[in-house]
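Trainee: Next comes the sequence, and after it the predicted model I'd like to discuss.
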Amino acid sequence: MKHIYLIVFTLVLPLSLFAEDGSRLWLRFSQSGQEKAQVISKYKSPSIDIARQELAAHWQGQPVEFQLDKKLSYLKDGYRIKSDKNKIILSASQDAGLLYGAYHLLRLQQTGADCFNLDMEESPKYDIRILNHWDNLDRTVERGYAGYSLWKWDELPNTLSPRYEAYARANASVGINATVLNNVNASPQILTDEHLTKVKALADIFRPYGIKVYLSVNFSSPKVIGGVKDSDPLNPDVRKWWQDKVKEVYTLIPDFGGFLVKANSEGQPGPQDYGRTHADGANMLADVLKPYNGIVMWRAFVYNPTEEDRAKQAYTEFVPLDGQFRDNVIIQIKNGPVDFQPREPFNPLFGALKHTAEMVEFQITQEYLGFSNHLVYLASLFKETLDSDTYSDGKGSTIARLTDGTLRPAKLTAISAVANIGEDTNWCGHHFAQANWYAFGRLAWNHELPSETIADEWIKMTFSNNDGFVKPVKEIMLSSREATVDYMMPLGLHHIFAENHHYGPEPWLSEAGRPDWTAVYYHKADSAGLGFDRTAAGSNAVSQYFPPLDKVYGTIESCPENLLLWFHHIPWDYKMKDSKTLWDALCYKYDSGVQQVREYQKVWDRMEQYTDEQRFREVQSKLKIQARDAIWWKDACLLYFQTFSNRPVPYDIERPVHELEDLKKIKLDMKHHN
Ligand code: BDP
């Protein structure tokens, strides 16, 4: 009997100890809990202690010695790692640098890199590497697809979920050093004393991991929770209210980062309610935060129900204000001029503000990319924006170099992304969506890293080092963004999503609260052709780009084909570069998107041998949804556009399996406010 028990014990124990539910993210070290490795450190601080414990518990290489060295301040919160006889010296000028260095060592080990002849220096490209949580105080998450918010406001500050620290650790492991806890559509309540105490509890947990807390604020807060007559930024009572509030915040959280503000956008209050400008509003807050070294991240995502092309509005509103902002204000600009579409050209505001700090806002949460159902690796999208040449300061003025301080001296550099993290066991809803959190952190640290390197690291850390797994899975990841563009919105199409929730296709949407919330506003299909004319003959959005891009985008022949329908209204019979007609090219793109996802299914099924049962099955079933959705997208868009093109779908591609009239009836029950 005794023997039988023993056998059962040894078989069952490993499974229960190492539940493969994705909760460990890419931090899948052995869980022995013993501190085995030798770490030599004569320093003590909360961050250094974490660095020491992580290495002591998980590092399997030579002894590591920590050195704090002020001479390395040029590395900012980066680090130096150098092999030295029988040990490795990890040095940095800041405590956080030692922590990032420790995680880097562990990453090298997990990815099977040579850990003997180490000699490297790393310093982050951006000072502030920040996640934006669109989390509401009732724990719903705007555009969140991984369950409720991580922040349990009702329990805080007394009960502290272990997930808070796990979150901080995951961020630190990829170099993310800042977080905005609440939705940009901010409730004024976040600034009440009650909530600030809760915010402080989170900040205290995050601090040792090098993470600073920021908050989104509602511009009407003085009026709504402060009892002030209005929230006019030039009203001395308003300024006084903010001064007192900010003092209170810093008393609780001495290293508080600052405010993120969405003002006069999609119904949010702002300085324009009082006839003031974005600069008036941002500067008032900046002045109040300045004594504490706090900053204001002021969003450029603004558009009004006017006649002007929505894609032009942020530029039109902000360029005249250039030079008026304080030096602790940074304008936070979405990667594209419309709204996180599967593909957009870069936002022409980048580089256009010559005397104002600018930062990128990406979206990690997949509002427009199949939620947490579709496997879409976003490093490719992030890189496409960062590597875009704006020509603002001549050739080579990429968005990366414009925002990281290389091209123009900057007091403040930052990069942000809307998080995809929630209460789900695997944090992000889809196991592969974890890769996008990871990739954002790695690119914020070093935007020169190739997408492929990041995918390679992530796969090895999260799943397996086996070549038989790494290679095919990497191919899926690297092609997945383009495949998704193909089955959703190829050739520069955009915003033909279902109303409000943005999950499926609704290219026929022609009535909504505002014209620029319909799909027909964006695709402009008619019997002549397809696409939004943004040339001088149309909205002239091309004029917002620096030469030569205004001409490149503005001329059909030179416009990149993947943006053709963004900038031009193209005849159905127009000959593409490969001499297919536009209509045929569109059909082949949609079909290719579908075919690629079907291929992902086949490849993934072959991966069963390399992975654990739970994650294998979960990814497999998500791929089924993705394949069905891809077909849905293809049929909906092609059948609908065919009513304008009046041309047959090329005979060698798969036939539609739906009726347009049936697809038009689909109304998913996913409520959203806009
Ligand atoms: C859009 C979202 C909306 C956000 C808005 C924003 O649909 O929920 O509030 O962006 O960024 O993409 O402010």
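Mentor: Everything's here; your move.

Trainee: drop to CA atoms for contacts and neighbour counts, all remaining ones
Mentor: Will do.

Trainee: Wasn't residue 521 part of a helix?
Mentor: Yes: judged by DSSP: H, G, I helix; E, B strand; the rest coil, residue 521 forms part of a helix.

Trainee: residue contacts, it?
Mentor: 510, 515 (Cα atoms under 8 Å, 6 or more residues apart in numbering).

Trainee: 7 Å - rerun?
Mentor: Neighbouring residues of residue 521 by Cα atoms under 7 Å, 6 or more residues apart in numbering: residue 515.

Trainee: And for residue 129?
Mentor: Residue 129 touches 176-178, 414-416, 444, counting by Cα under 7 Å, 6+ apart.

Trainee: Among those residues, which one has the most neighbours?
Mentor: residue 176 (31 neighbours; other Cα atoms under 10 Å).

Trainee: May I ask you to confirm that it is in contact with residue 440?
Mentor: No: with contact defined as Cα atoms under 7 Å, residue 176 does not count as touching residue 440 (8.6 Å).

Trainee: So residue 374, which state does it fall into?
Mentor: coil.

Trainee: Tell me where the model's unsure across this protein.
Mentor: Low-confidence segments of the chain, defined by pLDDT under 70: 1-18, 31-33, 671-674.

Trainee: give me that answer again for 90
Mentor: Regions of the chain meeting the criterion pLDDT under 90 cover residues 1-19, 29-37, 304-306, 412, 669-674.

Trainee: Now do the domain split for it, please.
Mentor: Domain ranges of the chain: 34-122, 128-462, 485-532+569-673, per automatic domain parsing.

Trainee: Output these in JSON lines; the columns should cover distance to residue 471.
Mentor: JSON lines is the format used below for these (distance: least, Cα to Cα, whole Å):
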{"stretch": "domain 34-122", "distance to residue 471": "14"}
{"stretch": "domain 128-462", "distance to residue 471": "8"}
{"stretch": "domain 485-532+569-673", "distance to residue 471": "11"}
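
Trainee: closest one to residue 477 among those domains?
Mentor: Closest of these to residue 477 is domain 128-462, at 5.3 Å (criterion: Cα to Cα).

Trainee: how long is the closest one end to end?
Mentor: Domain 128-462 has an end-to-end distance of 26 Å (criterion: Cα to Cα, to the nearest Å).

Trainee: Show the subsequent helix or strand relative to the helix ranked longest in the chain.
Mentor: As assigned by DSSP state H, the longest helix anywhere in the chain is helix 613-645. Downstream of helix 613-645, the next assigned helix or strand under DSSP states H and E is helix 660-665.

Trainee: Return the set of buried residues in that next one.
Mentor: For helix 660-665, burial by neighbour count (16 or more other Cα atoms under 10 Å) applies to 660, 663.

Trainee: ok, and what's touching stretch 383-394?
Mentor: 335, 346, 351-352, 396-400, 546-547.

Trainee: Out of those, which is nearest to residue 565?
Mentor: residue 346 (14.9 Å).

Trainee: give me the number of residues near that closest one?
Mentor: Neighbours of residue 346 (other Cα under 10 Å): 21.

Trainee: okay but residue 76 is in contact with residue 123, surely?
Mentor: Yes: counting by Cα under 7 Å, residue 123 is a contact partner of residue 76 at 6.3 Å.

Trainee: just to revisit the earlier point, the longest helix of the chain packs against which elements?
Mentor: Here helix 613-645 touches helix 467-488, helix 582-606, helix 660-665, going by 3 or more Cα pairs under 7 Å, 6 or more residues apart in numbering; DSSP states H and E.

Trainee: Compare the domains of the chain and give me the one nearest residue 468.
Mentor: Of all the domains of the chain, domain 485-532+569-673 sits nearest to residue 468, with 8.0 Å by Cα to Cα.

Trainee: how near is residue 634 to residue 467?
Mentor: Taken as Cα to Cα, the span from residue 634 to residue 467 is 34 Å.

Trainee: Any buried residues in the longest helix of the chain, and which?
Mentor: 615-616, 619-620, 622-624, 626-627, 629-642, 645.

Trainee: Perfect, that will be all.
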